[in-house]
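In: this one's structure only:
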């Protein structure tokens, strides 16, 4: 069972930045499209960003465009989510995921981490 591991979450004030990391040990990393999702209590998990295996194709949720940047380091089997100008509505548990398609649908992702909490105070 492949387990992705996220890190980098924390408690910050509105306007601050955080950089989330996700390592994917044991995964044929370069074969996978990688994505970030987030979830708040009582709500469905929502798409945040995704990057193709080559790193050339990237897609973002409208709510984070211009503020968040997804990237990958294949040599380290890692992806990152640079989050700038954070807002209270960005507060959520952030998950990374690996799948075979560059898609916004969580059902298309095969492997998941357990999440890292991001809390943004106003």
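Out: Cool, the structure landed. Here the structure is a predicted model, which means the values were calculated and not measured. Numbering: from 1, shown residues only.
In: quick one: end-to-end length of stretch 23-40, please.
Out: In stretch 23-40, first residue to last residue: 22 Å (Cα to Cα, to the nearest Å).
In: do stretch 96-116 as well
Out: For stretch 96-116, by Cα to Cα, the gap between its terminal residues amounts to 9 Å.
In: any idea how many residues pack against residue 33?
Out: 21 (other Cβ atoms under 10 Å). Yep, even glycine has a C-beta here, placed from its N, CA and C like the rest.
In: again, but for the one 5 residues further on
Out: Neighbourhood size, residue 38 [other Cβ under 10 Å]: 24.
In: what sits against it?
Out: 45, 46, 48, 90, 92, 93, 94, 95, 118 (Cβ atoms under 8 Å, 6 or more residues apart in numbering).
In: ok, for it, nearest residue in space, not its chain neighbours?
Out: residue 92 (3.7 Å; Cβ to Cβ, 6 or more residues apart in numbering).
In: hang on, the earlier thing: looking at the contacts of residue 38, which is nearest residue 35?
Out: Proximity of the contacts of residue 38 to residue 35 (Cβ to Cβ) peaks at residue 48, which lies at 7.5 Å.
In: can you list the strands that the host helix or strand of that closest one pairs with?
Out: Using DSSP states H and E, residue 48 falls within strand 46-51. Sheet pairing of strand 46-51 (DSSP bridges) gives strand 33-39 (antiparallel), strand 58-60 (antiparallel).
In: for the residue nearest the centre of the chain, name its beta-bridge partners.
Out: Nearest residue to the geometric centre of the chain (Cα atoms, centre = their mean): residue 36, 2.3 Å. Beta-bridge pairing of residue 36 under DSSP bridges involves residue 49, residue 96.
In: this protein: strands as residue ranges?
Out: Assigned by DSSP state E, the chain shows strands spanning 5-7, 10-13, 18-23, 33-39, 46-51, 58-60, 68-73, 78-83, 92-99, 109-112, 116-121.
In: so for the first one, what gets flagged as buried?
Out: Meaning strand 5-7. Residues of strand 5-7 classed as buried by neighbour count (16 or more other Cβ atoms under 10 Å): residue 6.
In: can you start the count at 36 instead of 1 from here on
Out: Sure, I'll start numbering at 36, so the last one becomes strand 40-42.
In: all set now, cheers.
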